[in-house]
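Student: Sequence first, then the predicted structure, then my questions.
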Amino acid sequence: MKTRFVEIGLFNKILVLSLMFFLMLFWVTDIDIRALYLFYTESGTFTGPDNRYFAFLYYPMNAIIFTTTLMIGFPLFIMSLSPRPFFERFRLYRNHALLLITAPLLGAGLFNSIFLKALFARPRPHSYLSEAIFYRPFHIASDHWGQLDMSFPSGHVAMAFVLCSFYFAFGYAPKLWQKMLKWGVGVVMTLVIGILMIVSRVAYGHHYLSDGVFGAAFTYGFVLMMHRVLRIPEKNALIEARSETEPAGTVGLVEISIIVISIFIPVLLVAYMMRAFDGLTSV
């Protein structure tokens, strides 16, 4: 466990240095503008909407990520609240479930797509193309406070990097399915989908490159913070020390009812969120 913490610490130091480099790059060069024009055609349109792969990333990929995370986190959390013997082992995973729940709702949702967007109020690229209005990342555009269609940071990219929560939630992964969630989803899919999402948002003309880079960084930082607030490493130590041979409780009508309800609740929540936010197609 200590070796793993050292590796995470080293990665975080490298990440901070990389973000400092990118911030300097975005401030002293016009890379944001250059990246934008890579996908801007002579007819005055962007190539993203006509590309079926970028269109899929725009929607429904972000909705799939949002749904998948909650459909795993919520049932696990609700079942962990049951005092029935069958759900005894689920109780140790309560904080892991909370990590999966808070990542999309509070991290990519409230913190990134509402609070930070409202704070920085960076106008989208169309403001630059039509009126030459351009703000660099972390420049607080107070003149635009109160407007709803802001650019920095990218909400879609933030949602894509929510997948990194699987790496932290399944840090202790003795079983194959846990390893698949930890490395397959938490690392490989996070990087692949996240990077493609950054490109797609620029290709759509809805975001600058820096919007995506720091949207990813903010989400990772939020997940890392929650990983420590929820004391996931301590919970992993308890799970690791627990005897795998301990018999589980029997499954009866009550247990089945709890499982069904725990799955039905996130379905209702996701359906409401999809309707309230127009299918999560906001940019």
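Tutor: Cool, got the structure.

Student: What distance do you get for residue 147 to residue 118?
Tutor: To residue 118, residue 147 is 9 Å away according to C-beta to C-beta, to the nearest Å. Every residue, glycine included, has its C-beta placed from N, CA and C.

Student: Residues in contact with the helix or strand hosting residue 99: which ones?
Tutor: Element membership of residue 99 [criterion: DSSP states H and E] is helix 94-102. Applying C-beta atoms under 8 Å, 6 or more residues apart in numbering, the contact partners of helix 94-102 are 69-70, 72-74, 76-77, 80-81, 165-166, 168-170, 223, 226-227, 230-232, 235.

Student: So which bits of the helix or strand following it are buried?
Tutor: Under the assignment DSSP H and E, the closest C-terminal helix or strand after helix 94-102 is helix 117-120. By neighbour count with 16 or more other C-beta atoms under 10 Å, helix 117-120 contains the buried residues 117, 120.

Student: continuing past helix 117-120, what's the next helix or strand?
Tutor: Past helix 117-120, the next helix or strand by DSSP H and E is helix 125-131.

Student: Which elements pack onto that following helix?
Tutor: When contacts are defined as 3 or more C-beta pairs under 8 Å, 6 or more residues apart in numbering; DSSP states H and E, helix 125-131 packs onto helix 31-37.

Student: any idea of the mean pLDDT in whichever helix or strand comes after the helix it packs on?
Tutor: The helix or strand immediately downstream of helix 31-37 is helix 52-56, counting by DSSP H and E. Mean per-residue pLDDT for helix 52-56: 94.

Student: Could you pull out the buried residues of helix 52-56?
Tutor: For helix 52-56, using 16+ other C-beta under 10 Å, the buried residues are 54-55.

Student: And the contacts of that helix?
Tutor: Residues outside helix 52-56 that contact it (C-beta under 8 Å, 6+ apart) are 47-49, 196, 199-200, 203-204.

Student: got the contact list for residue 198?
Tutor: Counting by C-beta under 8 Å, 6+ apart, residue 198 makes contact with 154, 157, 209, 212-213, 216.

Student: Which two of the contacts of helix 52-56 have the greatest separation?
Tutor: Farthest apart among the contacts of helix 52-56 by C-beta to C-beta are 49 and 196. That separation is 15.6 Å.

Student: These two: which is more packed in?
Tutor: Neighbours were counted for residue 49 and for residue 196 using other C-beta atoms under 10 Å; residue 196 has more, 18 against 14.

Student: Which strand or helix spans that one?
Tutor: Using DSSP H and E, the element containing residue 196 is helix 190-203.

Student: relative to helix 94-102, how tilted is the next helix or strand after that helix?
Tutor: Under the assignment DSSP H and E, the closest C-terminal helix or strand after helix 190-203 is helix 209-229. Here the directions of helix 209-229 and helix 94-102 differ by 160 degrees (axes from the mean of the first three to the mean of the last three C-alpha atoms, to 10 degrees).

Student: Tell me which other helices or strands the strand or helix carrying residue 256 touches.
Tutor: Using DSSP H and E, residue 256 maps to helix 253-276. Judged by 3+ C-beta pairs under 8 Å, 6+ apart, helix 253-276 is in contact with helix 62-80.

Student: residues touching residue 154, list them.
Tutor: 197-198, 201, 207, 211-212, 215.

Student: Let's see that with 7 Å instead.
Tutor: Contacts for residue 154 (C-beta atoms under 7 Å, 6 or more residues apart in numbering) come out as 201, 207, 211-212, 215.

Student: Which pLDDT does the model give residue 2?
Tutor: For residue 2, pLDDT reads 52.

Student: for residue 271, same thing?
Tutor: pLDDT recorded at residue 271 is 86.

Student: before we move on, what about the one 4 residues further on?
Tutor: As predicted, residue 275 sits at a pLDDT of 80.

Student: burial of it, as a residue count?
Tutor: Neighbour count of residue 275, defined by other C-beta under 10 Å: 10.

Student: swap in the one 3 residues further on?
Tutor: Neighbour count of residue 278, defined by other C-beta under 10 Å: 9.
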